[in-house]
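# Any chance you can model this:
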Amino acid sequence: MDILEGHVDVKYAFWNNKGGTGKTSLAFQSITGYAEKYPKKRILAVDICPQANLSELMLGGLNYKGSDKLLARHGMVPRCSLGGYFQLRLPAPYAPPAFIAQDFITKPSEYNSGIPTNVDLICGDPLLELQANAVNTLANQNIPGTDAWIAVIDWLKTFLEQVEDKYDVVFMDCNPSFSLYTQIGLATADRIVLPVMADDSSRRAIQNAFSLIFGLKLPSDIYASYAFATKLGNASRKLPKVHLIAKNRITQYMGSASAYAAVLAAIQADIVSLLSTNPEIFSFSSAEQGFVDIRDFQTTGVVAFAKGLPFSKLQPGKQTVNGHRVQVKQDYLTNSIKSMKTLVSQL
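Numbering: from 1, shown residues only. Got it, this is the predicted structure:
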């Protein structure tokens, strides 16, 4: 991808409203892999999740006290996280106060040498969950002359406008929910990477995701006026497009007669149907362009995330994870690297 200097060219959101799809692990390996492939690109990772797992990984993972380093960032004044920025916005929800964006941005390579130096991070924060009710209330106020919902939805957009000339690409790891802070991320994104698993609940989840974002197949017209797509459309704002669907961890299940393979085929058939009826919601024109198969990372993934390391920095052989000895097999590591290179090549 050719990226123009001097502005954010594209903003990706990793999201599925179903948990357990491997979203954060894919986001972490995609961000670091993209940064390694394009060392001259300036990348901002935004952790829009109260669990803040992406931030812990980037700051060192389990083995290198990523959680403790994150808590230290939360203890700064101002609080160096997305929750800290939202805390600043709560008393001024509809017009931004003066703020310095850099106060809320972390350089993870200063804490974890495995992270490329061209990646910056807005840390996640459990405070987001505590803020959710207040943010919801502010977004639903009836204020003459002000679209309160759009004003709140634009909180992250307003932040990024201040650092527009400092980054080329933004990656967002969104919470597996449709909470308002998740909607803030999705409304800011241009493109969505949607991980799915090989089980029937993932098929329902992806159908729900298209309903939540694009207002497709709502159960009743009564929901239409409250829908995310309707509210953005009323403000003449564009919806993000689905850019990539990652069929994740498929190899532990696959077989010629596998029920799991049938589920993945059904998910792909659903997308093919939507490409015909609603092509405007995708950035691709054929299912072949929009799907990527991700091999199960197995022990390789466990070790990489315990150490907060991109696969490229992981060594094969016996490793210590939380006091236990495990082994990273060279062929599994090679397969994991290959899978992520395939995904990154489609960004």
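
# In contact with the closest residue to N142 other than its chain neighbours: list those residues for me.
Excluding the flanking residues, the one nearest N142 by Cβ to Cβ, 6 or more residues apart in numbering is A148, at 7.4 Å. Backbone N, C-alpha and C define where each C-beta goes, glycine included. A148 makes contact with P93, Y94, L138, A139, N140, Q141, N142 under the criterion Cβ atoms under 8 Å, 6 or more residues apart in numbering.

# go again using 7 Å as the cut-off
With contact taken as Cβ atoms under 7 Å, 6 or more residues apart in numbering, A148 is in contact with Y94, L138, A139, N140, Q141.

# now, the most widely separated pair of these?
Farthest-apart pair in the contacts of A148 is Y94 and N140; separation 12.6 Å (Cβ to Cβ).

# Would you mind telling me which of the two has more residues around it?
Between Y94 and N140, Y94 has the larger neighbour count (other Cβ atoms under 10 Å), namely 16 against 12.

# Quick check: the gap between that one and I122.
Look at Y94 and I122: by Cβ to Cβ, to the nearest Å, they are 22 Å apart.

# Likewise for N16?
For N16, the distance to I122 (Cβ to Cβ) stands at 21 Å.

# Could you do E110 as well?
According to Cβ to Cβ, E110 stands 15 Å off from I122.

# more crowded one of those two?
I122 (27 against 11).

# Name the nearest residue to that one, sequence neighbours excluded.
Leaving aside its chain neighbours, I122 sits nearest to V46 (4.6 Å; criterion: Cβ to Cβ, 6+ apart).

# Then P91?
Counting by Cβ to Cβ, 6+ apart, P91 lies nearest to P97, which is 7.7 Å off, once chain neighbours are set aside.

# Give me the neighbour count for that neighbour.
P97: 8 surrounding residues under other Cβ under 10 Å.

# Ok, L130 next?
Counted with other Cβ under 10 Å, residues neighbouring L130 total 13.

# Strands of the stretch 1-150 of the chain, residue ranges please.
Ranges of strands in the stretch 1-150 of the chain, per DSSP state E, counting those that start in this stretch, are 10-14, 43-48, 119-122.

# For the stretch 1-150 of the chain, give me the ranges with low pLDDT.
1-7 (pLDDT under 70).

# Please list all residues in contact with T182.
Contacts for T182 (Cβ under 7 Å, 6+ apart) come out as I48, C174, N175.

# State whether the first one and L180 are indeed in contact, as I suppose.
No - between I48 and L180 no contact is recorded; they are 10.9 Å apart, counting by Cβ atoms under 7 Å.

# Among those two, which residue is more densely surrounded?
Taking other Cβ under 10 Å, I48 and L180 do not tie; I48 has more neighbours (28 against 22).

# Report the contact partners of that one.
The contact partners of I48, by Cβ under 7 Å, 6+ apart, come to L82, G124, M172, D173, C174, N175, Y181, T182, G185.

# State the three-state secondary structure for the nearest residue to it once chain neighbours are set aside.
Spatial nearest neighbour of I48, excluding adjacent residues (Cβ to Cβ, 6+ apart): G185 at 4.2 Å. Counting by DSSP: H, G, I helix; E, B strand; the rest coil, the backbone at G185 sits in helix.

# any idea how far G185 lies from G19?
From G185 across to G19, the span is 16 Å (Cβ to Cβ).

# ok, those two, which is more surrounded?
Taking other Cβ under 10 Å, G185 and G19 do not tie; G185 has more neighbours (27 against 11).

# Isn't that one up against Y12?
No - if you go by Cβ under 7 Å, G185 and Y12 don't touch, sitting 10.4 Å apart.

# which residues do those two both contact?
Taking Cβ under 7 Å, 6+ apart as the contact rule, G185 and Y12 both touch M172.

# Sitting in helices, which of the contacts of A148 do you find?
The members of these that map onto helices under DSSP state H are L138, A139.

# wait, which of the contacts of A148 is closest to A306?
Nearest member of the contacts of A148 to A306, counting by Cβ to Cβ, is A139, at 37.9 Å.

# which non-adjacent residue is nearest Q29?
M340 (4.7 Å).

# try K241
The nearest residue in space to K241 (Cβ to Cβ, 6+ apart) is S283, at 4.3 Å.

# what would the strands of the stretch 1-150 of the chain look like in a markdown table with distance to E161?
Listed next are those as a markdown table, based on distance: least, Cβ to Cβ, whole Å:
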| stretch | distance to E161 |
| --- | --- |
| strand 10-14 | 12 |
| strand 43-48 | 13 |
| strand 119-122 | 14 |
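
# which one of these lies closest to Y34?
Short answer: strand 43-48, nearest of the strands of the stretch 1-150 of the chain by Cβ to Cβ, at 6.7 Å.

# strand partners of the closest one, parallel vs antiparallel please.
Neighbouring strands of strand 43-48 in its sheet, by DSSP bridges, are strand 119-122 (parallel), strand 169-174 (parallel).

# List the contacts of the residue most central in space within the chain.
With distances taken as Cα atoms, centre = their mean, the chain has D173 as the residue nearest its mean C-alpha position (2.3 Å). Going by Cβ under 7 Å, 6+ apart, D173 touches F14, K23, T24, A27, D47, I48, C49, L54.
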